[in-house]
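Student: Provided below for reference: sequence and predicted model.
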Amino acid sequence: MKPVRTILAVALSLACGVALAQDVADFTVLAGKAVTCTDSSVKGDVGLANAGPITNTGCTITGAIEEGTVAAQTAYATFLGDYASLEYQPPCDFYNVPLAGAFLPPGVYCYDAAVTVTGSTLTLVGSATDSWVFRIGTLGTGALTGTNFNVVMTGGATCDNDVLWWTAEAATLTDSAFTGSILAGADITVTRGSLAGQVLAGGTGTTTVRTGAVTLTNTVVDFCPTNAPPPVPPLLPVFVIGDVEPHAVGNAVNFWGAQWWKNNIMSGIVSPGASRASFKGFATRAELVCGGFWESVPGNSPPPPATIPAEIAVVVTSTVVKNGPNLSGNIAQIVVVSQDGGYGPNPGHAGNGLVTSVICTQPQ
């Protein structure tokens, strides 16, 4: 396991990455009170601060098993400090941003109360060295509950704890493909699916009154995958804007509607002009990476979704090219837009909003 920094160092400079203290980072699973593992796979060390035993029913654990050992108790004590620090630092960048279907740039996302996501994917848009922190229950109570909740990273996960989920209370994941290390105030339960990260339970305990149980059932937990394939940019439906119109942070943009062609001038060649005039701004799929491509397949303007999140990723293009019945273009930039609520799937209900951040820019 590579050396990592303490969370206090992260509080001073989030841009340098998110990491836990070394003795905590040594454990894929760590709890204060109990660990129960049934028909699961854990790649890494499993630690229990209490005297134990760890309940293992048909589990494959590739690392060390520490039941009430000095190593487990020291790691739990350090975890308590990391958990307390992460409650307030780093400071919040975004507040109560919906996670379902969102495309989120690096930053610290804070939630007043509980967060529940069902049947949806969260896309973390950035590089493998960027960091995301999700702080759930900042007002004192709040759990994370995910069912069929998938978290993917366009830049690929690393072994540096670059995605952290802090919860005031418990965390429960079911049938999810989850990315990130969970630091829970109470218990952590993972049933089926997979988790790329760590599960650390019992952050509200003490070194003498150890709390927090981890329960794993029919799941795979792997903190640091080896020989992982390089990340493949997902092909996702997105909205498109032209690169000539102002689209820096704070600028208003029009990403959908009957007047899209008037409001989105492009610097590149547009062929033919009638294609741009009929395009309304919605692409059926895009390779979500700067330097990639977007397509509208088939036709000029397929129906967009009935509703969209408050924060959406929007592609900036310099071209619209027609090839048979299809349209396509380049991805010069990707920005995050906070939409103003006037959007509707009918092109008469324009999609407008303010640019809140720039995710990436294609190298020149």
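Tutor: Sure, I can see it.
Student: From now on I want contacts and neighbour counts done on CA atoms only, so please keep to that.
Tutor: OK.
Student: For residue 162, give its distance to residue 94.
Tutor: 17 Å (CA to CA, to the nearest Å).
Student: which one of these two has more residues nearby?
Tutor: Neighbour comparison, residue 162 and residue 94: the larger count goes to residue 162, with 24 against 12 (by other CA atoms under 10 Å).
Student: which stretches of the stretch 251-364 of the chain have low pLDDT?
Tutor: Low-confidence segments of the stretch 251-364 of the chain (pLDDT under 70): 269-276, 299-301, 364.
Student: the strands in it, which residues?
Tutor: Ranges of strands within the stretch 251-364 of the chain are 252-256, 282-287, 293-296, 311-317, 321-323, 326-330, 333-339, 351-361, based on DSSP state E, counting those that start in this stretch.
Student: and for the last one, what are the contacting residues?
Tutor: Contact with strand 351-361 is made by 105, 125-126, 247-257, 289-290, 332-344, as judged by CA atoms under 8 Å, 6 or more residues apart in numbering.
Student: Thought residue 175 was touching residue 191, still the case?
Tutor: Yes. Between residue 191 and residue 175 there is a contact under CA atoms under 8 Å: 6.4 Å.
Student: List the beta-bridge partners for the residue lying closest to residue 298 once chain neighbours are set aside.
Tutor: Nearest in space to residue 298, with sequence neighbours left out and distances taken as CA to CA, 6 or more residues apart in numbering, is residue 326 at 5.2 Å. Beta bridges link residue 326 to residue 299, residue 323 when assigned by DSSP bridges.
Student: give me the number of residues near residue 352?
Tutor: Other residues lying near residue 352 total 19 when counted by other CA under 10 Å.
Student: Report how many residues lie close to residue 66.
Tutor: Summarising burial for residue 66: neighbours were counted as other CA under 10 Å, giving 22.
Student: need the contact list for it.
Tutor: Contacts of residue 66 (CA under 8 Å, 6+ apart): 45-48, 72.
Student: 10 Å - rerun?
Tutor: For residue 66, the contacting residues are 27, 30, 45-54, 72-73, by CA atoms under 10 Å, 6 or more residues apart in numbering.
Student: now swap in residue 207 and tell me
Tutor: Taking CA under 10 Å, 6+ apart, one finds 32, 49-50, 73-74, 76-78, 80 in contact with residue 207.
Student: Give me the subset of the residues you listed that lies in helices.
Tutor: 73-74, 76-78, 80 (DSSP state H).
Student: Quick one, which of the residues you listed are buried?
Tutor: Neighbour counting with 16 or more other CA atoms under 10 Å marks 73, 76-78, 80 as buried within the ones in helices among the contacts of residue 207.
Student: Quick check: phi and psi at the closest residue to residue 197 other than its chain neighbours.
Tutor: In this structure, residue 197 finds its nearest non-sequential neighbour in residue 223, 4.0 Å apart by CA to CA, 6+ apart. Main-chain torsions, residue 223, degrees, to the nearest 10: phi -70, psi -40.
Student: What distance do you get for residue 223 to residue 44?
Tutor: With CA to CA as the criterion, residue 223 and residue 44 are 7 Å apart.
Student: Going by residue numbers, what spans are strands in the stretch 1-150 of the chain?
Tutor: Using DSSP E, counting those that start in this stretch, strands in the stretch 1-150 of the chain cover 27-31, 34-38, 41-43, 45-48, 55-57, 60-61, 65-67, 94-95, 103-104, 107-111, 115-124, 132-136, 144-153.
Student: Can you list the strands that the helix or strand hosting residue 194 pairs with?
Tutor: Counting by DSSP states H and E, the element that carries residue 194 is strand 188-196. With DSSP bridges as the test, strand 188-196 is paired with strand 171-179 (parallel), strand 213-217 (parallel), strand 220-222 (parallel).
Student: JSON lines for those, including mean pLDDT and distance to residue 307?
Tutor: Below are the strands paired with strand 188-196 laid out as JSON lines (pLDDT from 0 to 100; distance: least, CA to CA, whole Å):
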{"stretch": "strand 171-179", "mean pLDDT": "95", "distance to residue 307": "23"}
{"stretch": "strand 213-217", "mean pLDDT": "98", "distance to residue 307": "35"}
{"stretch": "strand 220-222", "mean pLDDT": "94", "distance to residue 307": "34"}
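Student: Put together CSV for these, with mean neighbour count on each row.
Tutor: Conversion of the strands paired with strand 188-196 to CSV gives the following (neighbours: other CA atoms under 10 Å):
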stretch, mean neighbour count
strand 171-179, 23
strand 213-217, 23
strand 220-222, 22
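Student: Quick one: closest of those to residue 145.
Tutor: strand 171-179 (4.8 Å; CA to CA).
Student: Many thanks, have a good one.
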